[in-house]
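Chemist: Structure for the following, please:
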Amino acid sequence: MMLSNEDPRLQVLINRMKQCCPMILDELQQNKRKIGHWAWWVYPTTKEGMCEPPPKTAVTVTTAPLLLKHAPEEWRQVLEMVLQLAEECNRGIRGVLPGIDHDRVRYFAAFWKDVQDCDGLDASWMRSLALQYEAAFVHRPGKGQDMINRSREQNGTEHSKANDINNNDKDWER
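Modeler: Below is the predicted model:
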């Protein structure tokens, strides 16, 4: 399938998704977290990946609806599986995706939460997922925070809510 007259990066992205998403699903099922190098193709943004192998990929406001229309079903399954694993993980999304990918995923969520329906295409599922990803970086699972608090108490480390606020993601990035 060739998308004529569109940004050539879109066709490359769709091809990479078709090739990689089934393997990504296997990776996530086996390891319960991201191990490989694939964030560029699962979390496409308007910015090409700095370390992405050429030819590089990106989406635009114009090509986003086309991606939703032509992307493999496995892409949506990967997006949903990462969120499911984050719910099950003590560290939430930070336990599933490495810190190096967090900015890309935040930009992904910011871009896709505003994608519009187009030519009969219902993009509400993507907007919903984007909002869930956005919330995943704000939400700290209670169980994980309880573990940190217990560890601090056992080690005699001072703890205060001010430290949590000031250190925002530091505990989660270690």
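
Chemist: So for stretch 48-62, first residue to last residue, what's the gap.
Modeler: 16 Å (CA to CA, to the nearest Å).

Chemist: what is the mean pLDDT for that stretch?
Modeler: Averaged over stretch 48-62, pLDDT sits at 96.

Chemist: so how far is it off the chain centroid?
Modeler: In terms of CA atoms, centre = their mean, to the nearest Å, the centre of stretch 48-62 is found 15 Å from the chain centre.

Chemist: what's it in contact with?
Modeler: In this structure, residues lying in contact with stretch 48-62 by CB atoms under 8 Å, 6 or more residues apart in numbering are 6-10, 12-13, 16, 37, 39-41, 44-47, 67, 104, 111, 115. All C-beta atoms are positioned from the backbone trio N, CA, C, and that covers glycine.

Chemist: hmm, 10 Å instead?
Modeler: Stretch 48-62 has contacts (CB atoms under 10 Å, 6 or more residues apart in numbering) with 6-17, 37-41, 43-47, 65-68, 100, 104, 108, 111-112, 114-116, 118.

Chemist: Show me the longest helix that occurs in this protein.
Modeler: Secondary structure of the chain per DSSP state H: the longest helix is helix 8-31.

Chemist: That one: what's the following helix or strand?
Modeler: Sequence order places helix 39-42 as the next helix or strand after helix 8-31, per DSSP states H and E.

Chemist: ok, and what's touching that next one?
Modeler: Outside helix 39-42, the residues within contact range by CB under 10 Å, 6+ apart are 12-21, 24, 34, 45, 47-53, 56-58, 71, 74-75, 78-79, 82, 97-98, 100-105, 108.

Chemist: and the longest helix of the chain, which residues are buried?
Modeler: In terms of neighbour count (16 or more other CB atoms under 10 Å), helix 8-31 has its buried residues at 9-14, 16-18, 20-21, 24, 27-28.
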